[in-house]
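1. Using only what follows, build the 3D model:
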Amino acid sequence: MKTILISVFVLILFAGAILLGAYYYLRWRLQRMITLKYAVVGPLIRKLAARESVTRTEILFMAKDPSLRHAVYRVLEAYNQSDLFPVEFFTIEKGAESFLVTWLEFPTELGQAPHEIELYTTVALEELEDQTYYVFKYRMTGNHWATENNWMLGVAGPYGDESMPYDIPRRIFSRFYSLDRISAKGEVQWVHENI
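-> Take a look at the predicted model:
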């Protein structure tokens, strides 16, 4: 009996060490991602705080990157400068893309932004009047575990008639399923029912 208790105790300690290590590793990855993003957006924040002029070209450079886009919009909004945000990126599609990319970047998901992403389709569920989900296809290239799936589906929404482009969607998710595995409507239905 004593041997069993010692074995269980050692097993619990071992599992705890693994979980603790995983926690610190994910925390380090998340902190690294935040630091890299701040390195790009930080100068904009400092300029706005110092009431220095900001050019539309500076904003456009950042708004082109979907992983930075909604953060840039929120910074401009906080400083009452949202009119500087590029009109071509002030759409629900571009906002939904930005939220999905940010979600995919988390260490518990892809761990980085997808190398390619584009709107695949929009899906309106019959039970949701005037509510639309945006379905994107994205893929990874190079040496990444997700390259074997080729194009995968990701969902953001639902957005209604009253939604603004950078309203936070209630549901953002991807199961990393490839296009040939599930339909866009099937993925939206699953996300709507489970997330």
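
2. Please name the nearest non-neighbouring residue to Ser163.
-> Nearest residue to Ser163 in three dimensions, chain neighbours excluded: Ile92, at 6.1 Å (Cβ to Cβ, 6 or more residues apart in numbering). Backbone N, C-alpha and C define where each C-beta goes, glycine included.

3. Per-residue pLDDT of the one you found, please?
-> Model confidence at Ile92, given as pLDDT, is 96.

4. How about the contacts made by it?
-> Ile92 is in contact with Tyr134, Tyr159, Ser163, Met164, Pro165, counting by Cβ atoms under 8 Å, 6 or more residues apart in numbering.

5. Counting neighbours, what do you get for the second one?
-> Same thing as Tyr159. By the criterion of other Cβ atoms under 10 Å, Tyr159 has 23 neighbours.

6. Can you verify it is assigned to a strand?
-> Yes. Using DSSP: H, G, I helix; E, B strand; the rest coil, the secondary structure at Tyr159 is a strand.

7. In this structure it contacts Ile168, no?
-> No. In this structure Tyr159 lies outside contact range of Ile168 using Cβ atoms under 8 Å: 10.7 Å.

8. Okay, now the unreliable bits of this structure?
-> Judged by pLDDT under 70, the chain has its weakly predicted residues at 1-2, 4-30, 33-35, 38, 128.

9. That one: strands as residue ranges?
-> Along the chain, the stretches classed as strands by DSSP state E are 116-124, 131-139, 152-160, 171-173.

10. Name the stretch among the ones you listed that sits most buried.
-> Mean neighbour count, computed with mean count of other Cβ atoms under 10 Å, is highest for strand 152-160 among the strands of the chain, reaching a mean of 24.

11. What is it packed up against?
-> helix 92-105, strand 131-139, strand 171-173, helix 184-194 (3 or more Cβ pairs under 8 Å, 6 or more residues apart in numbering; DSSP states H and E).

12. which other residues reach that strand?
-> Contacts of strand 152-160 (Cβ under 8 Å, 6+ apart): 92, 96-97, 99-100, 103-104, 117, 120, 125, 128, 130-139, 146, 167, 169-179, 182, 184, 187-188, 191-192.
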